[in-house]
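Visitor: Attaching a predicted model along with its sequence, questions to come.
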Amino acid sequence: MATRERPLSPHLQVYRWQITMVMSILHRATGVGLWFGAFGLAWWLVMFALGQDHAARALQCVSSPLGMVALFAFSLCLVYHLFNGLRHLAWDAGWGMDIPSVYKTGYTVGILTVVVTAAIWFFALGGA
Amino acid sequence: MNDLRSPLARARGLGSGKTGTGHFWTQRVTAVALALLTPWLVWMLVSMAGGDAMQAYTVLRHPLNALLLAAFCIAMFWHAKLGLQVVIEDYVHTRATEVTLQLLNVFLCTLGAFASVFAIFRIALTA
């Protein structure tokens, strides 16, 4: 097939970064991250199904420094994708499509992601 | 044009999506399921934190936890398959590579879902 020279859009190089595109890109990026995380969860369950020795080793892996970094990244992706996903579902229902709402819900998702991820790790690390 | 078929008949089945709104709708259905189940999953995992394997087994063996976790894993791998499918469609423009990646996506997500559900029920029903 002949490759045609044609304009590509959007021209990311000349675009001023704005919250709408940042959140859209992050939604996709966290989605791809969670695709890998899904297999992490499956691996963890299979290790537990294989017996206590494997389960203990799985817990050892997860609580290693590298495991904790992966788990933290997973939790951050999960919380962001969940809240921004709710934003997408609201749009699908026809709610919040005007620009002020898009910005307001966008910043709300950002703040909620930080707060909820912090709360999860506060409780997970035995804070209360 | 000596085509006796109606414009609709010619167009049917030839759209780029080929399955109409099926992909969009299933992605939303699984999204709603995951939105409902994720808070429960996070709460369950946090309750396991700091504990040993035996404590985790006790939680995973509870019938309600096993059932909800199986539902979560099926919805999760289904949603993951649909999501990555679009990413591959958008960014991979070499047909052979694209089809290979699409097949890998389907196979891996199906295996992941089956393995998770099998593991969950094995944990719940044995030892």
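Guide: Looks like it came in fine. Just so we're clear, the structure is a prediction, and the values are computed from it rather than from any experiment. Numbers count the residues shown, from 1 in each chain, chains lettered A, B, ... in the order given.

Visitor: mind listing what's buried in the top helix by length along chain A?
Guide: As assigned by DSSP state H, the longest helix anywhere in chain A is helix A:19-49. Buried residues in helix A:19-49, counted by 16 or more other CB atoms under 10 Å in any protein chain shown: A:23, A:26-28, A:30-31, A:33-35, A:37-49. (C-beta placed from N, C-alpha, C; glycine too.)

Visitor: which non-adjacent residue is nearest the spatially most central residue of chain B?
Guide: Chain B has residue B:78 as the residue nearest its centroid, 1.4 Å off, counting by CA atoms, centre = their mean. If the residues on either side of it in the chain are set aside, residue B:78 comes closest to residue B:30, at 5.0 Å by CB to CB, 6 or more residues apart in numbering or on different chains.

Visitor: so that neighbour is in which element?
Guide: Secondary structure from DSSP states H and E places residue B:30 in helix B:22-48.

Visitor: Quick check: what element follows that helix along the chain?
Guide: In the C-terminal direction, the helix or strand that comes right after helix B:22-48 (DSSP H and E) is helix B:53-61.

Visitor: Output the longest helix belonging to chain B.
Guide: Longest helix of chain B, by residue count under DSSP H: helix B:95-125.

Visitor: where does chain A come near chain B, residue by residue?
Guide: A:28, A:31-32, A:34-35, A:38-39, A:41-42, A:45-46, A:48-49, A:51-52, A:55-56, A:59, A:75, A:78, A:82, A:85-86, A:88-89, A:92, A:120, A:123-126 (CB under 8 Å from any CB of the partner chain).

Visitor: now the longest helix of chain A and helix B:95-125, what's the angle there?
Guide: 50 degrees (axes from the mean of the first three to the mean of the last three CA atoms, to 10 degrees).

Visitor: for the helix or strand following helix A:19-49, packing partners?
Guide: Proceeding N to C from helix A:19-49, the next assigned helix or strand is helix A:52-62, under DSSP H and E. Packed against helix A:52-62, as judged by 3 or more CB pairs under 8 Å, 6 or more residues apart in numbering or on different chains; DSSP states H and E, are the following elements: helix A:19-49, helix A:65-92, helix B:53-61.

Visitor: For residue B:93, find the nearest of the ones you listed.
Guide: Closest to residue B:93 of those, according to CB to CB: helix A:19-49, at 17.2 Å.

Visitor: Can you tell me which helices and strands that closest one packs against?
Guide: helix A:52-62, helix A:65-92, helix A:99-124, helix B:53-61, helix B:63-91, helix B:95-125.

Visitor: can you do 6 Å?
Guide: Where contact means 3 or more CB pairs under 6 Å, 6 or more residues apart in numbering or on different chains; DSSP states H and E, helix A:19-49 is packed against helix A:52-62, helix A:65-92, helix B:63-91, helix B:95-125.

Visitor: do you know which of the ones you listed lies nearest residue B:3?
Guide: So among those, helix B:95-125 is nearest, using CB to CB, at 28.2 Å.

Visitor: which parts of the closest one are buried?
Guide: Buried residues in helix B:95-125, counting neighbours by 16+ other CB under 10 Å, are found at B:101-102, B:105, B:108-109, B:112-113, B:115-117, B:119-120, B:122-124.
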